[in-house]
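Asker: no sequence on this one, just coordinates:
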């Protein structure tokens, strides 16, 4: 595949490794068809974590599986790297075991590593390193069926990485795993991203996604409703509040407090929060000439953005 | 590279089997006990009338059935189990791909199912007291029977990709196959005798009956049908599996279990 380069928000040079152009998919139901994807376009670049978010049935898993070549799209095209010495993709897929439960953790990594292009010896060496990295070195000779859900997910992640693929797909990697395992997975994703891997993530865990993602897209009804760099999409959102910090507390029942509250502002001690540019100027005029410490734009959380996007979609129906 | 894939599949097979030795032992001992009791019962019920080549024909039919059914059900049930366990997608994302892995496993199953069937064969021979005439041509005939069985196993594996649960079908098929292997098509009046050439696996069983059972020389025409039937079954099985894999990808069925 021909790769095109671009500069990311963090200033790193990134190359597009995967591109989907207006992919569509529909599935038969008992009485007709359900549109799973309606013209989804996206790119995935080196050195980034791109998160696909959305409620159940939004089309996230179908998108991931079409990109991985596990499902054929009805329309559109997917461009991805051609296979070289090793398979280009590693994946942990939701709802699947991903591993042989009758084999030990390390045996799974040796098996899948060899089938993806490594020699058995290299697969064993890489397998040991990765199990150590995900904190599973002590359980490496334990059969996967006897491990906890969180431990199985960590082994599955190690198995997806055993052949050192340039692209990694993680479909709900934190589903049913404890906080400790989530932290291990999150740290590893950031490390892999910094090493230049392109990572596509789907999750319902919005806090986790906000912590690791460089870019996010929210999918609704088979289409991408919102997409952008995580930081700018959250801070540039029209519903992101302005935070005005005063040098001294503003009395809550005073005249000024009553007047700013008419513009939807919230007063807490010496902090006044207000949404919208026009409201900000009105509030600043009311507060004049009180001494200001600073005025700054607060970011929405990813959860807030998610719910606002859902609400807007409901209102539009 | 293909040798590495075969080696790692063999390694996985051995690790999995040795991890649960009682399961392996139980299946072999179970088959030995069933066949031994069956032939004790046959001798008791039939008495002296079970003479001539009837006993040998029955033994050849049952041995062929044991080999063929273990081969085809191994391929089909392994795929069905892995479809239910949600492992197929990870096998698609490998260098040989799902079809490559399944073909390697099919070839390896010749070895391990063949080895597992040896004690069963010996138990059948001892308990039935049949006189078999093993000759050099027996091996290619067994290979042809095995190849055809793998073809049917692959076709059933394709069904497992789409429909997931095929246990009932396999249950029915074992009786159909037993009937097919016990019918002596060569003795039927025309045009029914031609069924013995075209029905899957039938020519190989017929040839084994003639050569190993009755000690006769193999007719070249029958050998041609044995080879043609085995190749047709195998190619058709691979084609049906590849078509099913394509269909499963189009309908998004690989991960549904």
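Answerer: Looks like it came in fine. Computed from a prediction, not measured in an experiment: that's the story for all the values here.
Asker: up against chain A, what does the stretch 101-250 of chain B have?
Answerer: For the stretch 101-250 of chain B, the contact set with chain A under CB under 8 Å from any CB of the partner chain comprises B:101, B:246, B:249-250. The way it works is simple: take the backbone N, C-alpha and C, and place the C-beta from them, glycine included.
Asker: and those, which are buried?
Answerer: Using 16 or more other CB atoms under 10 Å in any protein chain shown as the burial test, these include B:101, B:249 as buried.
Asker: out of the residues of the stretch 101-250 of chain B next to chain A, the closest to residue B:185 would be?
Answerer: residue B:246 (35.1 Å; CB to CB).
Asker: how close does the closest residue to the closest one other than its chain neighbours sit to residue A:66?
Answerer: In this structure, residue B:246 finds its nearest non-sequential neighbour in residue A:72, 8.0 Å apart by CB to CB, 6 or more residues apart in numbering or on different chains. Distance, residue A:72 to residue A:66, using CB to CB, to the nearest Å: 7 Å.
Asker: over to residue A:224?
Answerer: Using CB to CB, residue A:224 is found at 14 Å from residue A:66.
Asker: comparing the two, which residue is more hemmed in?
Answerer: Between residue A:224 and residue A:66, residue A:66 has the larger neighbour count (other CB atoms under 10 Å in any protein chain shown), namely 25 against 20.
Asker: confidence score at residue A:82?
Answerer: Here the pLDDT value assigned to residue A:82 is 71.
Asker: just the element for it, please.
Answerer: Per DSSP states H and E: residue A:82 is located in neither a helix nor a strand.
Asker: hang on, the earlier thing: could you tell me which of the residues of the stretch 101-250 of chain B next to chain A are located in helices?
Answerer: With DSSP state H as the criterion, helices contain B:101, B:246, B:249-250 from among these.
Asker: in those residues, find the pair that's most separated.
Answerer: Maximum pairwise distance among these (CB to CB): 20.3 Å, between B:101 and B:250.
Asker: who are the neighbours of whichever strand or helix holds residue A:305, in terms of helices and strands?
Answerer: Counting by DSSP H and E, the element that carries residue A:305 is helix A:302-316. Using 3 or more CB pairs under 8 Å, 6 or more residues apart in numbering or on different chains; DSSP states H and E, the elements in contact with helix A:302-316 are helix A:206-212, strand A:215-220, strand A:223-229, helix A:230-235.
Asker: residue A:23 is nearest to which of the ones you listed?
Answerer: Within these, the stretch nearest residue A:23 is strand A:223-229; the backing value is 10.8 Å (CB to CB).
Asker: partner strands of that closest one, parallel or antiparallel?
Answerer: Strands adjacent to strand A:223-229 in the sheet, as given by DSSP bridges, are strand A:215-220 (antiparallel).
Asker: spatially speaking, which residue is in the middle of chain A?
Answerer: The C-alpha lying nearest the average C-alpha coordinate of chain A belongs to residue A:51 (CA atoms, centre = their mean; 2.4 Å).
Asker: show me the contacts for residue A:64.
Answerer: By CB atoms under 8 Å, 6 or more residues apart in numbering or on different chains, the contact set of residue A:64 is A:52, A:91, A:93, A:169, A:171, A:200, A:202.
Asker: same question, residue A:273
Answerer: Remark: with contacts taken as CB under 8 Å, 6+ apart, residue A:273 is in contact with A:241-244, A:265-266, A:298.
Asker: quick one: what helix or strand has it in it?
Answerer: Assigning secondary structure by DSSP H and E places residue A:273 in strand A:271-275.
Asker: chain center to the helix or strand just after that strand, what's the gap?
Answerer: Next in sequence after strand A:271-275, counting helices and strands by DSSP H and E, comes helix A:277-287. Here the centre of mass of C-alpha atoms in helix A:277-287, compared against the chain's by CA atoms, centre = their mean, to the nearest Å, lies 35 Å away.
Asker: so which elements touch helix A:277-287?
Answerer: Counting contacts by 3+ CB pairs under 8 Å, 6+ apart, helix A:277-287 is packed against strand A:241-246, helix A:255-261, strand A:271-275.
Asker: ok, the last one: who's next to it in the sheet?
Answerer: The partner list of strand A:271-275 in its sheet, established with DSSP bridges, is strand A:241-246 (antiparallel), strand A:266-268 (antiparallel).
Asker: give me the secondary structure label for whichever residue of the stretch 151-300 of chain A sits closest to chain B.
Answerer: In the stretch 151-300 of chain A, the residue that lies nearest chain B is residue A:159 (7.9 Å; CB to the nearest CB). Secondary structure assignment for residue A:159 (DSSP: H, G, I helix; E, B strand; the rest coil): helix.
Asker: again, but for the one 10 residues further on
Answerer: Residue A:169 falls in the strand class when you classify it by three-state DSSP.
Asker: returning to what we had before: what residues sit buried inside the strand holding residue A:273?
Answerer: By 16+ other CB under 10 Å, the buried positions in strand A:271-275 come out as A:272-275.
Asker: that older thread, what's the most buried one of the strands paired with strand A:271-275?
Answerer: Of all those, strand A:241-246 has the most neighbours on average by mean count of other CB atoms under 10 Å in any protein chain shown, namely a mean of 18.
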